[in-house]
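> sequence plus the predicted model coming up.
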Amino acid sequence: MSDTSQKPGETPASAAGGRTNVTKKGGGDPAGRGRTTIADGVVEKIAGLAARDVLGVHAMGSGLSRTFGAVRDRVPGGSTKSVSRGVKAEVGEVQTALDLEIVVEYGVSIADTARAVRENVIAAVERMTGLEVVEVNIAVSDVKLPDEEDEEPESRLQ
């Protein structure tokens, strides 16, 4: 027979050789001890990079915004290539909605390219931010023809 009687100052768990529950200081889950906010620009950059990764996407933004971006990129001290060009995000506390404007390569299926862009953008934004992407609207503003010269200087050899 084993002796299961408690000694003075012992809890039933420690008498049985188990661990006691210890309450941590600060009260609870560390995730609940503050707030994280994500700027619209952060989501726009993530979405822009994810959209550019899709085969068949030639560029982001309308012709006018790409032209202004190319001029701005040439100015010394100007901004670097804008990864968020052609992307607009509305970010709430737990959800986000995105509008993308893309230029597709001639010959690709626009419907398939848009579907792939939507899937890639949703996966990247949700994985990196934890926000729920409620919609991704895609506007195809142009088709890049094989014989057209690129407007963006970063695509030319110097």
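Cool, got the structure.

> low-confidence ranges, the chain, go.
Within the chain, the segments meeting pLDDT under 70 span 1-27, 63-81, 150-158.

> name the helices or strands packed onto the lengthiest strand in the chain?
When every strand of the chain is counted residue by residue (DSSP state E), the longest turns out to be strand 132-144. With contacts taken as 3 or more C-beta pairs under 8 Å, 6 or more residues apart in numbering; DSSP states H and E, strand 132-144 sits against strand 57-60, strand 95-105, helix 110-129. No exception for glycine: its C-beta is placed from N, CA and C like everyone else's.

> and it, what's buried?
Of all the residues in strand 132-144, those buried under the rule 16 or more other C-beta atoms under 10 Å are V133, V136, I138, V140, S141, D142, K144.

> on that earlier part again, deepest-packed of the helices and strands packed on strand 132-144, please.
Mean neighbour count, computed with mean count of other C-beta atoms under 10 Å, is highest for strand 57-60 among those, reaching a mean of 23.

> what's that strand packed up against?
Other elements packing on strand 57-60 under the criterion 3+ C-beta pairs under 8 Å, 6+ apart are helix 40-52, strand 95-105, strand 132-144.

> of all the helices and strands packed on strand 132-144, which lies closest to A50?
Comparing the helices and strands packed on strand 132-144 by their distance to A50 (C-beta to C-beta), the top pick is helix 110-129, with 3.8 Å.

> show me the beta-bridge partners of the residue nearest to A114 when sequence neighbours are not counted.
Closest residue to A114 in three dimensions, ignoring its sequence neighbours and counting by C-beta to C-beta, 6 or more residues apart in numbering: I138, at 4.7 Å. Following DSSP bridges, I138 is listed with bridge partners L100.

> I138 and E149, how far apart?
Distance check for I138 against E149: by C-beta to C-beta, to the nearest Å, it reads 25 Å.
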